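A.B. asks: My questions concern the predicted model and sequence given below.
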Amino acid sequence: MAYLIQKTEMKRRSHRRAKLALLRKRFAAAKNDDEKSAVLTKVGKVAPWLSQEEFLGAIKQSH
C-alpha cells in the first residue's frame, strides 16, 4: 500500500516540476504584464506554497 502512495506522489512531483519549468519559460518569454500575471496565476494553482519571489528567483538564477 505504501509503495502505491509513494509512486503516485513521485509522479505528481515530477509532473509539477515539469509544469513549473514550462511556466518559467513562458514567464521569461512574456512580452507584457498581462501575460506575466496570467503565468503567475497558473503558478499559484500548480504550487500554492511557492511565493512569487521564489518563482522569480529561479528565473533570475538561470540567466
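C.D. replies: Yes, it's here. Numbering: from 1, shown residues only.

A.B. asks: count of residues packed around residue 7?
C.D. replies: 10 (other CB atoms under 10 Å). For the C-beta atoms, the positions are set from N, CA and C on the backbone; glycine is no exception.

A.B. asks: Kindly state the pLDDT recorded for residue 63?
C.D. replies: Among the per-residue scores, residue 63 shows a pLDDT of 63.

A.B. asks: list the buried ones in whichever strand or helix holds residue 54?
C.D. replies: Using DSSP states H and E, residue 54 sits within helix 52-62. Using 16 or more other CB atoms under 10 Å as the test for burial, helix 52-62 gives residue 55.

A.B. asks: and the residue positioned nearest the centre of the chain, what is it in contact with?
C.D. replies: The chain has residue 20 as the residue nearest its centroid, 2.4 Å off, counting by CA atoms, centre = their mean. Residues in contact with residue 20, defined by CB atoms under 8 Å, 6 or more residues apart in numbering, are 43, 46, 47, 50, 55.

A.B. asks: would CSV of those with secondary structure, distance to residue 8 and pLDDT be doable?
C.D. replies: Converted to CSV, the contacts of residue 20 look like this (DSSP: H, G, I helix; E, B strand; the rest coil; distance: CB to CB, whole Å; pLDDT from 0 to 100):
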residue, secondary structure, distance to residue 8, pLDDT
43, helix, 22, 96
46, helix, 17, 96
47, coil, 17, 95
50, coil, 21, 93
55, helix, 25, 91
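
A.B. asks: Give me the buried subset of these.
C.D. replies: 43, 47, 55.

A.B. asks: Now the phi/psi pair for the second one, please.
C.D. replies: Meaning residue 47. As for residue 47, its main-chain torsions (degrees, to the nearest 10) stand at phi -140, psi 90.

A.B. asks: Low-confidence stretches in the protein?
C.D. replies: 1, 62-63 (pLDDT under 70).

A.B. asks: where do the helices sit along it?
C.D. replies: 2-29, 33-46, 52-62 (DSSP state H).

A.B. asks: Who are the packing partners of the last one?
C.D. replies: With contacts defined as 3 or more CB pairs under 8 Å, 6 or more residues apart in numbering; DSSP states H and E, the packing partners of helix 52-62 are helix 2-29, helix 33-46.
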